[in-house]
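> Structure of the sequence below:
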Amino acid sequence: MADKKWPDCAKNLKGVILDMCGVLYDAGEGDGVAIPGSVEAVRKLRTSDLQLRFCTNETQASREKFVAKLGRLGYDISVSEVFSPAPAVVAVLKERGLRPHLLVHDGVLPEFDTVDKSNPNCVVIGDAAEAFTYKNMNDAFNVLTWQKKPLLISMGQGKYYKETDGLKLDVGAYTKALEYATDSKAEVIGKPSPMFYQTVLTDMKLHSHEGLMIGDDLVSDVGGAQNCGMLGVQVRTGKYRPSDENHPTVKADGTVDNLAQAVDMILSQRC
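You can find the predicted model right below:
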């Protein structure tokens with residue numbers, strides 16, 4: 001997919017989508033810490049002619065609480081600009097008449113307040129963190145095994161993410177365990193699903209070739225965006241590893257040290 005020279009491709013952009021954890025901030029105790037230069041980079045994008053949206057697989061808090069946390073780190077972001085899996089999952093559940101068993105973090109439970117959860121006929125899994133106990137995994141397993149066609153909905157499929165004290169297993173690892181145990185394949189709502197990215201593009205009223213995704217996850221952020229027809233740029237912050245630049249199947253359209261550098265390169269092409 002990396003057939004457009006970076007950063008010359010920035011001349012034709014109309015919108016930028018930013019990943020959040022690993023690009024804007026590193027998670028950790030309290031609110032985490034803003035990545036140096038990223039607050040100012042977001043401000044620069046806001047003063048440009050580019051549309052700006054934020055696309056995250058964050059499933060440990062409601063969007064309102066998540067945005068409030070980022071505000072305390074210095075970011076000026078509105079809830080309507082943030083696209084996360086939980087609201088998208090709720091829409092799917094209501095549309096299909098599904099009643100979920102939730103294996104999610106307590107912080108995101110309010111997103112599901114309007115959903116019928118009695119007599120569950122599917123499982124929704126998110127980044128439940130410490131709630132990924134044997135009992136909770138086994139409860140989800142049992143709900144799935146009682147269904148003729150087990151339906152597992154995963155809010156993203158990340159392998160791991162970075163906190164200030166190191167790397168943490170993400171929802172994808174636990175999703176794979178339930179897939180294996182139930183001989184099923186999860187339906188992913190969140191990155192890297194093309195449908196999820198298309199929702200953001202539709203909100204901006206843009207065609208895919210007019211958008212650019214910037215993230216720290218080569219597969220979910222860059223590869224997912226590229227599969228939707230967008231450009232994908234990886235930052236060397238967050239979960240980035242040098243081996244990403246030699247990945248056998250996904251190659252970023254560009255690799256930069258951080259968001260600040262990416263934004264400066266984009267804007268320099270638009271003068």
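> Now do the helices in the stretch 1-150 of the chain.
38-46, 63-72, 85-96, 134-145 (DSSP state H, counting those that start in this stretch).
> for the chain, what are the low-confidence residue spans?
Along the chain, the parts satisfying pLDDT under 70 run over 1-4.
> Can you show me the strands along it?
According to DSSP state E, the chain carries its strands in the segments 15-18, 25-26, 33-34, 51-55, 82-83, 100-103, 122-125, 152-154, 160-163, 166-169, 187-188, 211-215, 231-235, 254-256.
> what helices or strands is the last one leaning on?
Secondary structure elements in contact with strand 254-256, counted by 3 or more C-beta pairs under 8 Å, 6 or more residues apart in numbering; DSSP states H and E, are strand 231-235, helix 259-268. Using the backbone N, CA and C atoms, a C-beta is placed for each residue, glycine as well.
> Each with direction, which strands does that strand pair with?
strand 231-235 (parallel) (DSSP bridges).
> Need the strands of the chain in CSV (columns: mean neighbour count and distance to Arg63).
Converted to CSV, the strands of the chain look like this (neighbours: other C-beta atoms under 10 Å; distance: least, C-beta to C-beta, whole Å):
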stretch, mean neighbour count, distance to Arg63
strand 15-18, 24, 15
strand 25-26, 22, 15
strand 33-34, 16, 19
strand 51-55, 21, 10
strand 82-83, 20, 5
strand 100-103, 22, 17
strand 122-125, 26, 16
strand 152-154, 25, 18
strand 160-163, 18, 18
strand 166-169, 12, 21
strand 187-188, 18, 19
strand 211-215, 28, 18
strand 231-235, 28, 23
strand 254-256, 21, 27
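> sorry, back to before: CSV for the helices and strands packed on strand 254-256, including distance to Ala41?
Output for the helices and strands packed on strand 254-256, formatted as CSV (distance: least, C-beta to C-beta, whole Å):
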stretch, distance to Ala41
strand 231-235, 10
helix 259-268, 4
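> rewinding a little: please name whichever of the strands of the chain is nearest to Glu64.
With C-beta to C-beta, the closest approach to Glu64 among these belongs to strand 82-83: 9.5 Å.
> Please identify the pairing partners of that closest one and their relative orientation?
strand 51-55 (parallel).
> Alpha carbons only: can I get the strand it pairs with in PDB?
What follows is strand 51-55, C-alpha atoms only, in PDB (Å, rounded to 0.1, in the frame of the first residue of the first chain):
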ATOM      1  CA  GLN A  51     -10.300  18.200   9.400                       C
ATOM      2  CA  LEU A  52      -9.300  16.300  12.500                       C
ATOM      3  CA  ARG A  53     -10.700  13.300  14.200                       C
ATOM      4  CA  PHE A  54      -9.500  10.800  16.900                       C
ATOM      5  CA  CYS A  55      -9.900   7.100  16.500                       C
END
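> And stretch 190-210, what's buried?
190-194, 196-197, 199-201, 204, 206, 208, 210 (16 or more other C-beta atoms under 10 Å).
> Can you tell me what sits against it?
Identification of contacts with stretch 190-210 by C-beta atoms under 8 Å, 6 or more residues apart in numbering yields 12-15, 17, 19, 51, 53, 55, 57, 59, 83-85, 88, 154-158, 189, 211, 213, 215, 217, 219-221, 223-225, 227-230.
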